[in-house]
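Colleague: have a look; sequence and predicted model below, questions after that.
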Amino acid sequence: MTQLCGKGIWLAHSYDLQRAAEMATRIGGTHVLVKVGHGPHYFPDTTREMVQRVRALGLYPLAWVKLTARAPQEARTAIVAALERGYEAVVLVLNPEAGAGPITGAQMQPLVQALINVEIPRQRLFLASPPLSYLSDRTAVEVLVQVCQGGWFPLCFAAWAESPTEVIDQGVYHGLGDLSLIWEGTPEVYPVLSAHYGLNDEALMPESFIPWVEGIARHGVDFFSVYDAAGTEKALWSMLEAINVACLETDGRVPVSVSDNRRAVPNASGQVPQPIYITVRTSDSVWGIISRHGISREQFWAWNAHLWDSRGLPRDPDYLQEGWRLRVK
């Protein structure tokens with residue numbers, strides 16, 4: 001089984017690799033997900049060139065293919081080529097475009113049969129999709145899991161619902177029972193976050209993104225990823241860096257791009273501690289928060305300066321906005 005461990009960064013376009021490399025350095029990224037196909041279209045030059053470029057950065061290359069209802073069996077070319085070129089695995093993305101009808105199991109069956117015919121290594125294929133409760137037709141999932149045995153990449157996007165509790169806790173983790181019946185076993189769960197897939201296509205501000213980060217951190221994930229490098233503002237990188245990945249400490253897997261000083265140490269209960277945030281009240285001040293939580297001024301700004309910077313505000317300790325979410329641990 002191709003079990004994943006670390007943090008992944010999606011590329012919508014190959015020319016965003018440099019930004020992905022910068023982001024990986026900042027957040028402790030370990031994998032880059034390269035788009036090698038879209039529906040029936042295969043990108044041979046990208047597939048060939050990017051696998052070596054990603055490895056040269058000390059990162060692991062994963063491939064991804066966007067599935068569409070149009071000639072889905074043609075996606076086999078991109079999937080097979082990516083594995084032959086040396087990508088660790090391929091993620092099949094089932095996420096119908098806004099305004100388009102649902103992708104059905106009948107439409108996906110030719111692709112699945114084509115992959116079965118070439119004896120594709122099923123543990124190296126992963127399925128990315130919204131939680132089942134947000135799919136109007138789940139038959140495509142039922143068909144695709146025949147070959148996507150590596151695990152599930154739930155798309156944890158605010159586009160489905162405003163509340164991360166509803167999407168992550170209820171849709172993903174409480175919905176695992178239904179998914180397990182389809183999968184004939186509980187799949188490995190590797191959440192995908194995105195700050196620019198909000199309701200009404202509006203990007204999330206940093207304070208709105210924090211609850212989504214907290215949502216996946218609560219579940220002690222071994223691997224999560226972020227879509228995508230170009231659309232993830234630098235103001236959000238410190239939050240993604242703060243998510244500690246449990247498998248780095250529990251089973252000794254240390255991806256080559258993660259330095260020792262970023263590895264998290266389990267607490268007495270054996271759990272990897274996650275960052276703690278508070279909500280600003282009208283009576284709060286920066287100095288009061290620093291004093292109350294026993295953190296240094298430098299650490300406070302390292303964790304929270306993005307709230308000022310993203311609004312073009314000077315880092316003024318006298319200015320706090322009620323409702324902001326501040327990291328204090």
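Modeller: Nice, thanks for sending it over.
Colleague: for burial, what's the neighbour tally of residue 112?
Modeller: For residue 112, the tally of surrounding residues (other Cβ atoms under 10 Å) stands at 22. For every residue, glycine as well, the C-beta is placed using N, CA and C.
Colleague: tell me where the stretch 101-250 of the chain has strands.
Modeller: Counting by DSSP state E, counting those that start in this stretch, the stretch 101-250 of the chain forms strands over residues 125-129, 151-157, 192-194, 223-226, given from the N-terminal end onward.
Colleague: to residue 12, which of those strands lies closest?
Modeller: Of all these, strand 192-194 sits nearest to residue 12, with 10.8 Å by Cβ to Cβ.
Colleague: give me the helices and strands touching that closest one, please.
Modeller: Taking 3 or more Cβ pairs under 8 Å, 6 or more residues apart in numbering; DSSP states H and E as contact, the helices and strands that strand 192-194 lies on are strand 151-157, helix 206-217, strand 223-226.
Colleague: in TSV: these, plus mean pLDDT, distance to residue 295 and mean neighbour count.
Modeller: What follows is the helices and strands packed on strand 192-194, written out as TSV (pLDDT from 0 to 100; distance: least, Cβ to Cβ, whole Å; neighbours: other Cβ atoms under 10 Å):
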stretch	mean pLDDT	distance to residue 295	mean neighbour count
strand 151-157	96	29	25
helix 206-217	89	17	21
strand 223-226	96	26	24
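Colleague: now the ones you listed as TSV including distance to residue 121?
Modeller: As requested, the helices and strands packed on strand 192-194 are exported to TSV (distance: least, Cβ to Cβ, whole Å):
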stretch	distance to residue 121
strand 151-157	14
helix 206-217	28
strand 223-226	19
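Colleague: do you know how far residue 235 is from residue 277?
Modeller: For residue 235, the distance to residue 277 (Cβ to Cβ, to the nearest Å) stands at 15 Å.
Colleague: same question but for residue 211, I mixed them up
Modeller: Taking Cβ to Cβ as the criterion, residue 211 is separated from residue 277 by 9 Å.
Colleague: thinking again about what came up before, looking at the helices and strands packed on strand 192-194, which is nearest to residue 179?
Modeller: Smallest distance to residue 179 across the helices and strands packed on strand 192-194 (Cβ to Cβ): 6.9 Å, for strand 151-157.
Colleague: what's the spacing between the closest one and its chain's center?
Modeller: Mean-position distance between strand 151-157 and its chain equals 7 Å (Cα atoms, centre = their mean, to the nearest Å).
Colleague: repeat for stretch 312-329
Modeller: 26 Å.
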